[in-house]
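Visitor: after the sequence you'll find the predicted model.
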Amino acid sequence: MTEVPNNSSTEKSLNFIEQIVEDDIAAGLHAGRVHTRFPPEPNGYLHIGHAKSICLNFGLADKYGGKTNLRFDDTNPVTEDTEYVDSIKNDLHWLGFGWENEFYASDYFEQLYQFAETLIEKGVAYVDDSTAEEIAVQKGNPAEPGTPSPHRDRPVAENLDQFRKMRAGEFPDGAKVLRAKVDMTSPNMQLRDPVIYRIKHAHHHRTGNDWCIYPMYDFAHGQSDSIEHITHSLCTLEFIPHRPLYDWFIEKLNIFPSHQYEFSRLNLTYTVMSKRKLKTLVEDGHVTGWDDPRMPTIAGLRRRGYTPASIREFCDRIGVAKRDNLIDVGLLEFCVREELNRTTHRIMAVLTDGRPDAQPLKLVITNYEEGREEIMRIENNPEDHEAGERDVPFGREVFIEHDDFIENPPKKFFRLFPGGMVRLKGAYIIKCDEVVKDDAGTITELRCTYIPESRSGSDTSGLTVKGTIHWVSAAHAVEAEVRLYDRLFQVENPAADERGFKDLLNPNSLQTVRAFVEPALIQATRSGSLTNVQFMRKGYFVIDPASTPDRPIFNRTVTLKDAWAKEQKKG
RNA sequence: AGCCCGAUAGUAUAAGGGUAGUACAACAGAUUUUGGUUCUGUUUGUGGAGGUUCGAAUCCUUCUCGGGCUACCA
């Protein structure tokens, strides 16, 4: 037993599954072959929890020179649909993964049927006429042993005959089931003669009406792994008690010994991960669809502006273990900010509040010649000088945000206030001389003077100001719709709350506002050269697919970190 | 209740009998034409009790706590 010295301090430690794989390779198991699979049921859209599993399965194969199959677990025809098959494949590609084989559990229906006959012939499976309720009673509860079905000792020949008649469609739904004869007294409920085939006269998305009996998940999943010679079958913790059953089938059938390993599923703060709950949100109209930017689905994150690399980075950082966890959504946000900071162009956009007639704050530069116009050259990304510069028109009237002016500023406020100075980003330093209000006392306009010598890039004014704010030339501003998204739920862990999850929704998870943006942004988004951008000082935004040329829509991916907001909270 | 899985800073995740480390978060400061970025520093941890050992987060016992299982769903 010699230990490979871990002499590189930058080397990442292995998670427990990687340890297992490395041990298996070292032991020569399956000749060092690593073959994983990602096995979604096509009955819903992929979410960030699936992304964890995807990154694990594909990442493992990639790391150890193996392969990964995509296999749709489609054993329940009434809940599954090709719509979901397509969306799953699309999301997988988008995340950046390609699969070795595209398989379906339904590809194995005939083989699985034969497996079932084999078990019958071996005397370890039987046709049971009991109703679902009767079977539940027979199983009993974990504290005491179950009781055998009256049909448990049916002769092999009769079982075979009955099972063939089930396949032939001679019985209505629910009339009979095939059960594995394992152990009605097992403390593991999964082993108390589980149902392995049921009658469902239903149309299947792939096999059509070929079958009226369908294998249960437990009779399809492990054997599918085995058929595909999957070496490491990874799934979440709740399937731990099923593993002895899979091993039992493999042993009775004498087929390839795939081994299952279980890890804990991902939970994220302020959202839900259950497919059923997500489906409810969609069906009840709490969100606009599976791809609503508030949803933790891959489609939702994509529309929200998350990138594949940021999601993969997140999955890498959260790790893989067996303890229950609740990951701070802030980590996901960190990952996307980290990438977008590096890659996106900066654009100035002045946002208003949610009122439909909301106006930005107009700033008139009284000593700037009427009708004069300058083009400011502003760098696109201070993190990437290769990103170049863009032209930004400047004039006598500009829009700024109401938040950037306070008549009676608190301490440490270094934006604009009466008599105060700020720099207009990429342009001049200005001084606020006068506040204009309407009859209701609402501030409608700021009258300012600019310092001609302070032009950005050739500043000889000698002035230094504490604040720089963003702006848009009133004469050139283009109106856009901006959707500000916030967390979907108002509590950290909706799944653990005794209240119904629908009562915990954040009523302010979406705020739609008018915005006035640089003309350059509209040109760029029309040409498709920009998708993700940073609105300076506001956050990262992405063009929404529902945009039209004359009605651009931007979704906020995530805000920038906001030290001022934090300062204000301190009071 | 029976069986199974788990427990390391606020949240995650390492340390495989020998210095409890990393990331995010938080806090403080520096830099900054984004209150962004970047940089520096700081705070915070082995669930309890026994045992084995020169030495225990790690091995053993036990308790406590959290989670899972009792679908003709997956």
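Guide: It's in.
Visitor: okay, buried residues for stretch A:563-571 please.
Guide: Using 16 or more other CB atoms under 10 Å as the test for burial, stretch A:563-571 gives no buried residues. (Glycine included, C-beta is placed from N, CA and C.)
Visitor: chain center to that stretch, what's the gap?
Guide: 30 Å (CA atoms, centre = their mean, to the nearest Å).
Visitor: can it be said to contact RNA strand B?
Guide: Yes: using CB under 7 Å from any atom of the strand, stretch A:563-571 reaches RNA strand B at A:563-564, A:566-567.
Visitor: ditto for stretch A:56-68
Guide: No: Stretch A:56-68 lies out of reach of RNA strand B by CB under 7 Å from any atom of the strand, never closer than 11.8 Å.
Visitor: and the residue of the stretch 351-500 of chain A closest to RNA strand B?
Guide: Proximity to RNA strand B, evaluated over the stretch 351-500 of chain A using CB to the nearest atom of the strand, is greatest for residue A:456 at 2.9 Å.
Visitor: now do the strands in the stretch 451-571 of chain A.
Guide: Counting by DSSP state E, counting those that start in this stretch, the stretch 451-571 of chain A has strands at residues A:468-469, A:472-473, A:478-485, A:510-517, A:532-535, A:539-543, A:553-559.
Visitor: and the spatially closest residue to residue A:377 that is not a sequence neighbour, how many neighbours does it have?
Guide: Among residues not flanking residue A:377 along the chain, residue A:389 sits closest, at 4.7 Å (CB to CB, 6 or more residues apart in numbering). Around residue A:389 there are 13 other residues, counting by other CB atoms under 10 Å.
Visitor: ok, residue A:156 next?
Guide: 13.
Visitor: quick one on the thing from earlier: same list (the strands of the stretch 451-571 of chain A) but as CSV, adding mean pLDDT and distance to RNA strand B.
Guide: Shown next, in CSV, are those (pLDDT from 0 to 100; distance: least, CB to the nearest atom of the strand, whole Å):
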stretch, mean pLDDT, distance to RNA strand B
strand A:468-469, 98, 4
strand A:472-473, 98, 14
strand A:478-485, 97, 16
strand A:510-517, 97, 15
strand A:532-535, 98, 6
strand A:539-543, 98, 9
strand A:553-559, 98, 9
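Visitor: any chance of those strands in a markdown table, plus distance to residue A:133 and mean neighbour count?
Guide: Output for the strands of the stretch 451-571 of chain A, formatted as a markdown table (distance: least, CB to CB, whole Å; neighbours: other CB atoms under 10 Å):
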| stretch | distance to residue A:133 | mean neighbour count |
| --- | --- | --- |
| strand A:468-469 | 69 | 20 |
| strand A:472-473 | 68 | 24 |
| strand A:478-485 | 46 | 19 |
| strand A:510-517 | 45 | 20 |
| strand A:532-535 | 55 | 24 |
| strand A:539-543 | 52 | 25 |
| strand A:553-559 | 49 | 22 |
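Visitor: format those as JSON lines; extra columns: distance to residue A:375.
Guide: Converted to JSON lines, the strands of the stretch 451-571 of chain A look like this (distance: least, CB to CB, whole Å):
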{"stretch": "strand A:468-469", "distance to residue A:375": "19"}
{"stretch": "strand A:472-473", "distance to residue A:375": "10"}
{"stretch": "strand A:478-485", "distance to residue A:375": "16"}
{"stretch": "strand A:510-517", "distance to residue A:375": "17"}
{"stretch": "strand A:532-535", "distance to residue A:375": "20"}
{"stretch": "strand A:539-543", "distance to residue A:375": "24"}
{"stretch": "strand A:553-559", "distance to residue A:375": "24"}
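Visitor: out of these, which comes closest to residue A:351?
Guide: Closest to residue A:351 of the strands of the stretch 451-571 of chain A is strand A:510-517 (CB to CB; 4.8 Å).
Visitor: just want the angle from that closest one to strand A:478-485.
Guide: Interaxial angle, strand A:510-517 versus strand A:478-485 (axes from the mean of the first three to the mean of the last three CA atoms, to 10 degrees): 150 degrees.
Visitor: those strands in the stretch 1-150 of chain A, which residues are they?
Guide: A:35-38, A:67-72, A:102-104, A:125-128.
Visitor: quick one: these as TSV, columns for mean neighbour count and mean pLDDT too.
Guide: Formatted as TSV, the strands of the stretch 1-150 of chain A follow (neighbours: other CB atoms under 10 Å; pLDDT from 0 to 100):
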stretch	mean neighbour count	mean pLDDT
strand A:35-38	24	98
strand A:67-72	22	98
strand A:102-104	17	98
strand A:125-128	24	98
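Visitor: nearest spatial neighbour of the residue of the stretch 351-500 of chain A closest to RNA strand B, skipping sequence neighbours?
Guide: Nearest residue to residue A:456 in three dimensions, chain neighbours excluded: residue A:426, at 4.9 Å (CB to CB, 6+ apart).
Visitor: which residues touch the one you found?
Guide: A:376-378, A:392, A:456 (CB atoms under 8 Å, 6 or more residues apart in numbering).
Visitor: before we move on, the earlier item: measure the residue nearest to residue A:377 to residue A:352 for me?
Guide: Residue A:389 is 28 Å from residue A:352, where distance means CB to CB, to the nearest Å.
Visitor: cool, and residue A:235?
Guide: Distance from residue A:235 to residue A:352, by CB to CB: 49 Å.
Visitor: one more: residue A:93?
Guide: 38 Å.
Visitor: do the same with residue A:205
Guide: Where residue A:352 is concerned, residue A:205 sits at a distance of 47 Å (CB to CB).
Visitor: again, but for residue A:327
Guide: 34 Å.
Visitor: residue A:379 now?
Guide: Residue A:379 is 26 Å from residue A:352, by CB to CB.
Visitor: please apply the same query to residue A:192.
Guide: On the measure of CB to CB, residue A:192 and residue A:352 end up 63 Å apart.
Visitor: so between these two, which is more surrounded?
Guide: Taking other CB under 10 Å, residue A:192 and residue A:352 do not tie; residue A:192 has more neighbours (23 against 19).
Visitor: contact partners for that one?
Guide: For residue A:192, the contacting residues are A:138-140, A:146, A:182-186, by CB under 8 Å, 6+ apart.
Visitor: among the contacts of residue A:426, which lie within strands?
Guide: If you go by DSSP state E, the contacts of residue A:426 have A:376-378, A:392 in strands.
Visitor: a markdown table for the residues you listed, including pLDDT?
Guide: Shown next, in a markdown table, are the ones in strands among the contacts of residue A:426 (pLDDT from 0 to 100):
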| residue | pLDDT |
| --- | --- |
| A:376 | 98 |
| A:377 | 97 |
| A:378 | 97 |
| A:392 | 98 |
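Visitor: circling back: tell me the secondary structure at the residue nearest to residue A:456.
Guide: coil (DSSP: H, G, I helix; E, B strand; the rest coil).
Visitor: show me which pair in the ones in strands among the contacts of residue A:426 is furthest apart.
Guide: Farthest-apart pair in those is A:377 and A:392; separation 7.6 Å (CB to CB).
Visitor: these two: who's more crowded?
Guide: Between residue A:377 and residue A:392, residue A:392 has the larger neighbour count (other CB under 10 Å), namely 22 against 12.
Visitor: thought that one was touching residue A:378?
Guide: Yes: look at residue A:392 against residue A:378 with CB atoms under 8 Å: they come within range, at 5.1 Å.
Visitor: related to what we said a few turns ago, what sits against the residue of the stretch 351-500 of chain A closest to RNA strand B?
Guide: A:376, A:378, A:423, A:425-428.
Visitor: ok, now with 7 Å
Guide: A:376, A:426-427 (CB atoms under 7 Å, 6 or more residues apart in numbering).
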